[in-house]
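**Q** with the sequence up front, the predicted model follows.
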Amino acid sequence: MKALKNLSLGFYVGVLAFIVEVVALVFYFINQGTVTFGNLPLNMVTVVGGVIALAIQLLILVLGQLRASNKTGVGVLLDLAYVVEAVLIVWGATVFFADRINLFSSVMTFNRNAQSLADMNSALYGIGAMFAAAVLVILSSFMRVSKNQE
């Protein structure tokens, strides 16, 4: 119970960033199977970068607790982890958007039917969720994970 009392706002923002990134990857895989965007290949930058970012976020949450409890010097490692995670998420979101931008213009110009607009909306939700996850990671980097953290 003491461990739960020591959690700070940064921990909860980090958990929220993790959840938003999972939602963004789910939107990516759903959008990959749609009729409009199904012919695009699965981009490994978005997939592998997202999975690595999720692993880094878990590492940040665990190391933040260890740093607070053991007073270990993992501050530089945590700072680097935040930067690497934010870069991976933004890079994945940018590639996700870049893969689909030409089809967005095609849908808006020639194929304006309900199915293609719904496919485009799911892509936009996924891209928005990835950028939101990056913003949450950046915000959480300025907050402490534990109340006992220096």
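**A** Structure's in. What do you need?

**Q** just want the most central residue of the protein.
**A** Geometric centre of the chain, nearest residue: E21, 3.2 Å, by C-alpha atoms, centre = their mean.

**Q** just name the shakiest helix or strand of this protein by mean pLDDT.
**A** When the helices and strands of the chain are scored by mean pLDDT, DSSP states H and E, helix 2-5 comes last with a mean of 59.

**Q** residues touching the residue nearest to the centre of the chain, list them.
**A** When contacts are counted by C-beta atoms under 8 Å, 6 or more residues apart in numbering, E21 touches 50, 53-54, 57, 89, 129-130, 133. In this view, the C-beta of every residue, glycine as well, is placed from N, C-alpha and C.

**Q** any idea of the pLDDT on it?
**A** Note on E21: pLDDT of 95.

**Q** quick check: buried residues in stretch 51-59?
**A** Neighbour-count burial for stretch 51-59, counted by 16 or more other C-beta atoms under 10 Å, picks out 53-54, 56-57.

**Q** for I52, give its distance to F142.
**A** 22 Å (C-beta to C-beta, to the nearest Å).

**Q** again with L117
**A** In terms of C-beta to C-beta, L117 sits 38 Å off from F142.

**Q** these two: who's more crowded?
**A** Remark: of L117 and F142, L117 carries more neighbours, 14 against 9, as counted by other C-beta atoms under 10 Å.

**Q** my read: that one touches V107, true?
**A** Yes - the criterion here is C-beta atoms under 8 Å, and L117 meets it with V107 at 6.7 Å.

**Q** need the next SSE after the least confident helix or strand of the chain, C-terminal direction.
**A** helix 9-32 (DSSP states H and E).
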